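Q: pasting the sequence and the predicted coordinates here, then a few questions.
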Amino acid sequence: MHKVSATTVVNINIDDAWEKLSDLSKAHFYVPDLTDTKITTEQNTGVGTSRIVYSQRPPLTETVLEWNEGSGFVLRLHHQDKNGDDAEGVPPMFSRAKFSYSISAESDTSTRLTNSMEFDMKWGAIGSVLAKLITKPMQQMQEQIIVGQRLYYETGLKAEKADVIALIKKSKG
């Protein structure tokens, strides 16, 4: 499995960070390319909860595999067909993918956010070569998501892509 990760510290306490993170309906407030998020299960939190995230690409279903109350969760990324059954692609080049969000107290007033995406590629040796080619863009995507989270958590406002990119550029230099 291949993995990319990003981490940052936000200036809110861990309880407030968990309140924002555990609201699975708000992903489009911090993932820059998402336009909407819809919970598709009766439950809103915990193992088995599913949501669909929307962007310019085909909708992606995310289902909670692990739920660690107060500290994070793991989502399985997949597509569903029109009947709600699992369909090919997670996106299509991956044989499987999962996304982990975790938080930990940095101090009484700040929280460390750590996100990672793990994925397996299809197509054997060709997939391994592709994995090397996409690692840098995948890492950049992780950085945009974590900075988007930071902006959303600290302001309560939707993180706009231009603001996320400006903050990344400022932090690099």
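A: Done, it's in.
Q: please count neighbours and contacts with C-alpha atoms only from this point.
A: Fine.
Q: grab the most central residue of this protein for me.
A: Phe99 (5.8 Å; Cα atoms, centre = their mean).
Q: check whether Val147 really touches Thr8, as I assumed.
A: Yes - the pair Val147 / Thr8 is scored as a contact, 7.5 Å apart, by Cα atoms under 8 Å.
Q: so where's the protein uncertain?
A: 80-91 (pLDDT under 70).
Q: please enumerate the strands of it.
A: Ranges of strands in the chain, per DSSP state E, are 2-10, 36-39, 50-54, 60-68, 72-80, 86-87, 94-105, 111-121.
Q: show me what contacts Thr40?
A: Counting by Cα atoms under 8 Å, 6 or more residues apart in numbering, Thr40 touches 49-52.
Q: could I get those residues as JSON lines with neighbour count?
A: JSON lines is the format used below for those (neighbours: other Cα atoms under 10 Å):
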{"residue": "Thr49", "neighbour count": "19"}
{"residue": "Ser50", "neighbour count": "25"}
{"residue": "Arg51", "neighbour count": "23"}
{"residue": "Ile52", "neighbour count": "20"}
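Q: now render the residues you listed as JSON lines, adding distance to Leu24.
A: Converted to JSON lines, these look like this (distance: Cα to Cα, whole Å):
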{"residue": "Thr49", "distance to Leu24": "9"}
{"residue": "Ser50", "distance to Leu24": "9"}
{"residue": "Arg51", "distance to Leu24": "7"}
{"residue": "Ile52", "distance to Leu24": "10"}
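Q: so which of the residues you listed is the closest to Pro92?
A: Ile52 (16.5 Å; Cα to Cα).
Q: show me the contacts for Ser50.
A: Per Cα under 8 Å, 6+ apart, neighbours of Ser50: 39-41, 61-64.
Q: how much space is there between the closest residue to it other than its chain neighbours and His79?
A: The shortest distance from Ser50 to any non-neighbouring residue, by Cα to Cα, 6 or more residues apart in numbering, is to Thr63 (4.2 Å). Going from Thr63 to His79 by Cα to Cα, to the nearest Å gives 10 Å.
Q: do the same with Val147
A: 26 Å.
Q: looking at the two, which is more packed in?
A: Between Val147 and His79, counted using other Cα atoms under 10 Å, the more crowded position is Val147 (28 against 20).
Q: roughly how far apart are that one and Ala162?
A: Applying Cα to Cα to Val147 and Ala162 gives a distance of 11 Å.
Q: overlap in contacts of these two?
A: In contact with both Val147 and Ala162: no residue, using Cα under 8 Å, 6+ apart.
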